[in-house]
Each structure stands twice: as structure tokens, then as C-alpha cells.
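K.L.:
A predicted structure for the sequence below; I have some questions about it.
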Amino acid sequence: MKDALNTAPIFTRYDLAIENAQRRTVRQVSEDALLQHVADCLVAGDEEETQKVVAEVLNDRAPLEIINKGLIPGMKEVSRLWDLGEYFLPQVILSSDAMIAGIALCEEKLGRTLEKKAKVVTHTAEGDIHDIGQVIVNSLLRVAGFDVINLGADVPVDDVVEACRVHKPIMVTGTALMTTTMTAFPKIAARLKQAGLEIPFVCGGGAVSEDYVTSFDLGIWGKEASQAPAMAEDALSGLSWSEMRTKWNG
Ligand code: B12
């Protein structure tokens, strides 16, 4: 007799698999019930609910706490589910939108200092639309009193160099999540050097390693967005890119 046809893959309900994954995401990312609730809404990809919950939690928790201990761990959970193959692009897009909406509310609450300390140019690499890391960096830098020249995502090499020429920032940052796009960073660094602009260039993002960034002049590797304000303070106090690299990288 022939083997019975395995129908399981044909009749798998992937929508149910996703719903179950969402239920499982109640994987604890925080000891704090309120922050866990923020993360859960984000993981569920519910932008409206995330906004509602963040607005409520802002009455009891500091905005930076919500970003660092609710929203970022929530997005890390989304990344995990993606890596497991349980989340697909639609879920990830919904969670990203919820993340950006949540950060905007926290930023609003934090307010901005009137007197800006200095300019920092930020961008996400050419060909790359993964800008969540950059959005966090922008927010933390603004809150720390820096004037953020936000070039956005998918920024051509030439535009980054031109922005540095025009604005003369104390520091420039780059985010890349793809191995194909991070190659823009050494090109930018070389062009900046050529133009006599020896600005610390802090590069971060999932695809980017310390070894890679420290392989070219001006490059300093940023592991966590939360390092950005202290790095900008270093640049402001006159540390050169090589001094900053020694301090921040191994
Ligand atoms: C969210 C996401 C998306 C969203 C992006 C939404 C957005 N607005 O950003 C959407 C759904 C649009 C998307 C699209 C695509 N994606 Co995608 N995506 C992801 C996912 C799941 C999470 C990334 C993320 O946001 N992480 C959370 C943030 C906070 O992390 P982060 O940016 O790394 O930032 C942290 C640090 O790196 C650091 N940091 C970052 N920048 C900086 C800067 C400074 C100065 C400092 C100090 C620190 C710092 O701080 C942050 C933490 O505090 C990853 C999977 C994963 N496991 O990472 C795939 C992933 C990045 N995507 C991938 C791919 C292939 C794509 C697509 C090509 C898919 C497709 N077939 O269309 C497209 C890309 C289109 C394009 N041209 O860019 C691949 C990249 C593979 C590679 N290594 O090259 C990944 C790794 C998935 C995979 N395993 O295959 N994606």
C-alpha cells in the first residue's frame, strides 16, 4: 500500500499559528506589570492600544523607562518571533508602527530643551528602510538637548556627506540592518575624511559588528541606542574619533 499523503502542511492554518505566537509573547520581558503591558500591545501590533496604554503608563512611569524597559524589549521580542518564523512582514510592520507611535508619545512628554547643545546628523543607510534604531537614537539625543539633523532612512552616501559639510555636526550616526547596506558606512567615512571632516561616525544596527566598524577610520561602534547621548557629550567635549573608539570599543 502506498504511504498516506501527509496533508498537514497543506491544511496548516498559519493565521492560527500567528495568533498562538501572539499569545505566547506574553513571554515576560519586564518584571513591571505596566511595562509588560506596553510590550504586549507592541508585540500584538496594536498601534491604537499601544498609544492608549503608553499614554496611561506615562502617568506612573518615566518616558525613558517606557522606551528602554517596555518598547525596546517588546521590539526585541518581535525580532525573536520573526527569527523563529512565527511572525511575517505584516505583523512586523504593525509592531514597528506601534513602536514609532509609542516613542513619539514618550518624546512629547519628555519635552525638548530650548537651548540646543550642538548638532548631530543621523541617518539610516542607503537602501535600508529599517529605521527603528535610528528613531530611538533621534529621540534620546533630542531629549539630551542635541539638535538632531534627521536625514531619515535610505539616505544616499552623497547626502550624508553633504549634510555634514553644511551643518558641521559634532557627530554623525548611521544605522544599518542589512549586510548589503552597511557597506555605505566605510564609503561615507572615506568621503568625510577626504573633505577634511574628521567627525566621529557612530554606526549601529543589527547587521553591524564592532570589528566591521572599527576597520575604517572615523568609525565607532554603537551597540545600544542608549549610548548615543553620552557619545555625543564626548564629541562635544572635544574627544577625537580615535579617543572615542578607545573609550567605547574594545
Ligand atoms: C522590523 C523589521 C522590518 C520592518 C522595518 C520597519 C522599520 N521602520 O524599521 C519591515 C517589515 C519594513 C522590514 C522590511 C524588510 N526586512 Co526586515 N526586519 C525587521 C526585524 C524583524 C527587526 C529589526 C528591528 O527593528 N529591530 C529592533 C531595533 C530597535 O534594533 P536595531 O535597529 O538593531 O537597533 C538597536 C541597536 O542595533 C542599536 N543601534 C541601531 N542604530 C544605532 C545607532 C547608534 C548611533 C547607536 C549608538 C546604536 C544603534 O540600538 C538599538 C537598540 O537599542 C529584523 C529581524 C531581526 N531579528 O533583527 C528583520 C531584518 C533586519 N529584515 C531583513 C530583511 C531581509 C528585510 C527585507 C529585505 C524583507 C523583504 N524581503 O522585503 C525588507 C527590507 C527592505 C529594505 N530595503 O530595507 C533581514 C536582514 C538580513 C541581513 N542581515 O541582511 C532581517 C535581519 C531578518 C532576517 N533574519 O532575514 N523589516
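P.N.:
Cool, got the structure.
K.L.:
Three-state assignment for the nearest residue to residue 124 once chain neighbours are set aside, please.
P.N.:
Of all residues not flanking residue 124 in the chain, residue 153 sits nearest, at 3.9 Å (Cβ to Cβ, 6 or more residues apart in numbering). In short, each C-beta sits where N, CA and C put it, glycine included. Under DSSP: H, G, I helix; E, B strand; the rest coil, residue 153 falls in the coil class.
K.L.:
residue 153 contacts residue 127, doesn't it?
P.N.:
No: if you go by Cβ atoms under 8 Å, residue 153 and residue 127 don't touch, sitting 9.5 Å apart.
K.L.:
report the contact partners of the residue positioned nearest the centre of the chain.
P.N.:
What sits nearest the mean C-alpha location of the chain, by Cα atoms, centre = their mean, is residue 133, with 0.8 Å. By Cβ atoms under 8 Å, 6 or more residues apart in numbering, the contact set of residue 133 is 124, 175, 177, 204-206, 225.
K.L.:
could you do residue 220 as well?
P.N.:
Taking Cβ under 8 Å, 6+ apart, we find residue 220 in contact with 200-203, 213-214, 231, 241, 244-245, 248-249.
K.L.:
in TSV, list these along with secondary structure.
P.N.:
Output for those, formatted as TSV (three-state DSSP):
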residue	secondary structure
200	coil
201	strand
202	strand
203	strand
213	helix
214	coil
231	helix
241	helix
244	helix
245	helix
248	helix
249	coil
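K.L.:
just flag the most distant two among those.
P.N.:
Pairwise distances across the contacts of residue 220 peak at 14.4 Å for 214 and 231 (criterion: Cβ to Cβ).
K.L.:
those two: who's more crowded?
P.N.:
More crowded of residue 214 and residue 231, by other Cβ atoms under 10 Å: residue 231, with 23 against 16.
K.L.:
roughly how far apart are the spatially closest residue to that one that is not a sequence neighbour and the ligand?
P.N.:
Once flanking residues are discounted, residue 231 sits nearest to residue 202: 5.6 Å by Cβ to Cβ, 6+ apart. Note on residue 202: its distance to the ligand, by Cβ to the nearest ligand atom, to the nearest Å, is 4 Å.
K.L.:
correct me, but residue 202 touches residue 174?
P.N.:
Yes: using Cβ under 8 Å, residue 202 is in contact with residue 174, at 7.5 Å.
K.L.:
am I right that residue 190 sits in a helix?
P.N.:
Yes: counting by three-state DSSP, residue 190 is part of a helix.
K.L.:
list the contacts of the closest residue to it other than its chain neighbours.
P.N.:
Nearest residue to residue 190, sequence neighbours excluded (Cβ to Cβ, 6+ apart): residue 216, at 7.2 Å. Residue 216 sits next to 185-186, 189-190 when contact means Cβ under 8 Å, 6+ apart.
K.L.:
if we can go back for a sec, quick check, nearest of the contacts of residue 220 to the ligand?
P.N.:
Closest approach to the ligand among the contacts of residue 220 (Cβ to the nearest ligand atom): residue 202, at 4.0 Å.
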